Every structure is written in structure tokens, then in C-alpha cells.
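> Give me a model of this one.
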Amino acid sequence: MDRINALAKDIKEELLKHITPFWLSLKDNENGGFIGVVKYDLTREPKADKGVILMSRITWFFSSFYIAIKDGLIKDEEMKPYGYSGEDIKAAAECAYSFVKEKCMDKDCGGVFWSVTYDGKPSDTTKHTYNQAFAIYAMSEYYRAFGDEEALKTAKELEAVIEGRMRDEGGYLEAFTRDFKPASNEKLSENGVMATRTMNTLLHVMEGYSGLYRASKDKETGDRLREIYGIFKAHMYDEARDRQLVFFDHDYNSLIDLYSYGHDIETSWLMDMSADILGDSEWTPYIRRVTHEMAEEVYKEAFDGTSLPSEAENGVVREIRVWWVQAETVNGFLNAYLRASEKEKFLTAAEKQWGYIKEHQIDSRSGEWFADTNHDGSPVEGGDLVNGWKCPYHNGRMCLLVIRWNLERN
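The predicted model follows:
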């Protein structure tokens with residue numbers, strides 16, 4: 001069997017047998033949305049706050065899954081042995097979308113909150129650019145799946161919030177109070193620094209706007225993507241080291257020597273996808289070059305032959321294997337293979353990384369993935385299976401992408 005086809009077949013089984021049933025089981029039929037926390041010991045906390053990033057990512061996941069069904073990539077007879085159908089996927093997407101639209105949007109001040117209570121009342125009313133971007137990503141994908149004009153309208157309104165209230169002449173800012181006064185950015189700052197601008201937020205604004213442009217083909221959104229590419233080129237990408245810088249002050253001075261392997265391998269395919277969607281002849285050659293450089297550098301500097309650590313600060317590697325980094329490593333290396341390189345080392349790396357995930361990252365008790373594993377593959381106990389960040393977006397997206405790339409590569 002063709003190697004990519006074999007990989008896709010195995011990964012499709014993971015999606016259908018493990019990831020999807022787990023997340024379908026978390027639908028909160030009483031309060032709306034999905035249960036916000038599941039602990040390492042499998043305890044569900046139905047009255048925990050619901051992170052809006054989590055609710056947006058669940059909306060995106062089930063909407064994207066439904067698009068795959070519409071496109072013939074996944075069939076009802078393949079889902080049936082696991083106890084669900086395309087109608088269940090649609091109902092899950094509708095449940096998540098309705099909760100975001102009705103409970104997570106601030107009808108008084110605009111934008112989406114950071115989190116709400118289990119029954120949909122404002123909890124953490126921080127307005128973060130990163131969070132708005134994921135709501136845009138979710139609403140745009142929901143529109144593509146179901147043709148709901150209200151979802152597209154909401155995505156455009158959130159874009160207007162970001163552009164009108166969450167940026168300046170230099171680019172995108174980070175955290176704000178409910179009424180959009182500047183606030184501390186501890187939510188997207190780490191490693192002992194407090195950043196005014198971050199690579200992570202810019203990356204996911206690009207992702208959200210790419211999804212919106214694919215849905216709307218709006219010229220202004222396309223122009224904003226070009227501006228984002230310009231910020232990336234001018235400030236985020238370190239040409240000398242073939243990697244991104246991470247945390248910045250207001251003037252884009254880098255605050256720390258941090259190599260985020262996970263974000264670089266994710267960016268390597270996500271920017272390629274964005275370039276595909278926009279189709280800009282001037283920017284595409286540059287993007288193709290730097291994304292390949294990033295994948296090459298991550299492979300050379302960080303991949304140990306089976307898995308990828310999360311980051312290195314001042315050259316010291318953090319050896320924990322984080323669930324989303326492992327998923328994005330499959331995406332990034334497979335993308336590098338399928339693009340111009342056709343270097344077998346990338347296909348082998350994607351296969352080896354998937355082997356690590358199967359052996360160590362998947363929690364056989366629940367079907368969901370452990371948040372973190374140690375370098376030896378043992379799970380780091382205590383990490384949540386579900387929380388405001390722990391979602392089906394990275395691992396579910398990996399599955400959907402590999403399935404699609406396999407069937408569309410010819």
C-alpha cells in the first residue's frame with residue numbers, strides 16, 4: 001500500500017474511533033455548548049467555566065468534519081460502527097455554534113469573552129485578539145459547512161472589532177478589558193516575560209482571516225492577510241536562524257531567546273495553506289521559501305527521530321512532548337514532503353511521529369490524547385484531558401488534513 005495512503009487510513013480510524021466519540025460525548029444538552037473540563041482521572045466537571053477558545057475550536061472541528069462528509073472524504077457507513085452519523089456531526093456543530101453566538105458574544109461592548117460560566121454567563125470578560133481570531137475561524141468554517149449567513153456576518157463583525165479596537169499602526173495588540181482598554185497580557189505571555197505583541201497571536205489572526213477569506217473572498221480581508229505577511233517578514237521571521245521570534249515589546253524588540261518548535265512546524269504548513277487560499281503571486285514565492293526553511297530547521301535542530309519537544313529557551317530544550325505539538329509535527333512534515341521538496345525524510349518523520357502518538361500520546365481509557373508526555377513516552381499525570389485550551393482542534397484537524405491531503409494529492 002502507498003505509504004501516505006496507509007498513514008491516512010490509520011489516522012482516519014483514530015478520528016472516527018477515538019477522537020470524535022469522545023468529543024460527541026461532551027455535548028451539554030442541558031446548558032448548551034460542551035462540558036468545559038475533564039480531569040486526568042476522567043472526572044467530568046459539568047459546572048466548570050467554558051472557555052470561549054474551546055467552544056470556538058469545537059465549532060470549527062465539527063464544522064470542518066461536516067465539510068469532509070459533504071466532500072465525500074468520510075462516509076456514513078464509516079462512522080456507523082462507532083455509533084454516530086453525519087447528522088450527529090451536524091448537531092454537534094450547531095450546538096457549539098449556537099453557544100458561541102448566544103452566550104459568548106458580548107452584546108453590549110462587542111467581541112467575545114475569554115470564558116463564560118457553565119450556563120453561559122460572562123466569567124472572564126477579557127477581550128483578547130487571539131480569542132476573537134478563533135471565533136472568526138469558527139464562524140467562517142460554520143458558514144462553509146452549512147451556508148449560514150448569520151455566521152459569516154458574525155465573523156465579519158469580529159474582524160471589524162479586531163481592526164477597529166485591537167490594533168495600532170504597527171500591527172496587532174493583545175489583551176483588553178471588556179470595554180477595550182489595554183490590559184495585561186499574561187494569557188499569551190510565558191517564560192517570565194510580558195509581551196505587548198506575540199508571534200502566536202499574529203499567526204492565529206492570519207489563520208482566522210485565511211478562513212474568512214476562503215468563505216467570503218472579501219478584498220479587504222485579503223489585503224489584511226498581505227499586511228500580516230509583511231509583519232511576519234519584517235519582525236517575526238529570523239532569516240539568519242530560519243525560525244520565528246516569539247515575544248516582543250511594542251516596537252517589536254524580541255524579549256527572549258525562545259525557539260518554539262511547535263509553533264514553527266505549525267506555521268510551516270499553516271502559512272502555506274494561507275498562501276494557497278489567497279493566491280497572491282507576489283507573496284507566495286516568499287512564503288514557500290521560508291516555510292520550507294522552517295520545516296528543515298525544526299527537523300535538523302529538534303526532531304529526535306520519533307517526536308518533537310515543545311521549545312528551547314536560551315538553547316535549553318524543554319523535553320516534554322505536548323499533544324498539540326505532536327499533531328502539528330505530522331502536519332508540518334507531511335506538508336513539507338508533499339510540497340516542492342519530495343524529500344523522503346519528511347514522510348518518514350511524519351510516519352515516526354504518528355507512531356509515537358499511537359504508542360504514547362493517545363489515552364486508551366478515553367480515546368482523547370494526554371496533554372503532555374515525558375521524553376520516555378510516559379504520561380505527565382495531572383494534565384487535563386479537556387480545558388480552555390485542550391480541544392479537538394489540533395489532533396482532530398491533523399486527522400482531517402491527512403485524510404484530505406491523501407485523497408487530493410493526485
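
> Strands of the stretch 101-250 of the chain, residue ranges please.
Ranges of strands within the stretch 101-250 of the chain are 115-116, 122-124, 127-128, 167-168, 171-172, 175-176, 197-198, 237-238, 243-244, 247-248, based on DSSP state E, counting those that start in this stretch.

> List the buried residues of the longest one.
Within strand 122-124, the residues that qualify as buried by neighbour count (16 or more other CB atoms under 10 Å) are Ser123. To be clear about C-beta, it is placed using only N, CA and C from the backbone, and glycine gets the same treatment.

> residues in contact with that strand?
Asp49, Asp106, Phe113, Trp114, Ser115, Val116, Thr117, Arg178 (CB atoms under 8 Å, 6 or more residues apart in numbering).

> so where's the stretch 251-400 of the chain shaky on pLDDT?
Scanning the stretch 251-400 of the chain with the threshold set as pLDDT under 70 gives 341-342.

> Could I get the full set of helices for it?
For the stretch 251-400 of the chain, applying DSSP state H, counting those that start in this stretch gives helices covering 261-278, 284-301, 323-336, 344-356, 393-408.

> Can you tell me which of these is packed in deepest?
helix 323-336 (a mean of 26; mean count of other CB atoms under 10 Å).

> picking up where we left off before, okay, the contacts of strand 122-124 in a markdown table with distance to Val161 and neighbour count next?
Below are those laid out as a markdown table (distance: CB to CB, whole Å; neighbours: other CB atoms under 10 Å):
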| residue | distance to Val161 | neighbour count |
| --- | --- | --- |
| Asp49 | 22 | 19 |
| Asp106 | 9 | 15 |
| Phe113 | 12 | 23 |
| Trp114 | 14 | 22 |
| Ser115 | 18 | 22 |
| Val116 | 17 | 25 |
| Thr117 | 22 | 15 |
| Arg178 | 12 | 18 |
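
> Where does the prediction get shaky in the stretch 51-200 of the chain?
In the stretch 51-200 of the chain, no residues with pLDDT under 70.

> could you pull out the helices for it?
52-70, 76-79, 86-99, 129-146, 149-165, 199-216.

> quick one: which of those helices is nearest Leu334?
Of all the helices of the stretch 51-200 of the chain, it is helix 52-70 that lies closest to Leu334, at 16.8 Å by CB to CB.

> Which strands or helices does the closest one pack on?
helix 20-24, helix 86-99, helix 129-146, helix 393-408 (3 or more CB pairs under 8 Å, 6 or more residues apart in numbering; DSSP states H and E).

> Return the distance of that helix from the chain's centre.
Taking CA atoms, centre = their mean, to the nearest Å, one finds the center of helix 52-70 at 11 Å from the center of the full chain.

> would you list the helices and strands packed on helix 52-70 in JSON lines and tack on distance to Tyr172?
Formatted as JSON lines, those follow (distance: least, CB to CB, whole Å):
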{"stretch": "helix 20-24", "distance to Tyr172": "30"}
{"stretch": "helix 86-99", "distance to Tyr172": "25"}
{"stretch": "helix 129-146", "distance to Tyr172": "5"}
{"stretch": "helix 393-408", "distance to Tyr172": "20"}
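
> what's the closest of those to Ile287?
So among the helices and strands packed on helix 52-70, helix 393-408 is nearest, using CB to CB, at 17.8 Å.
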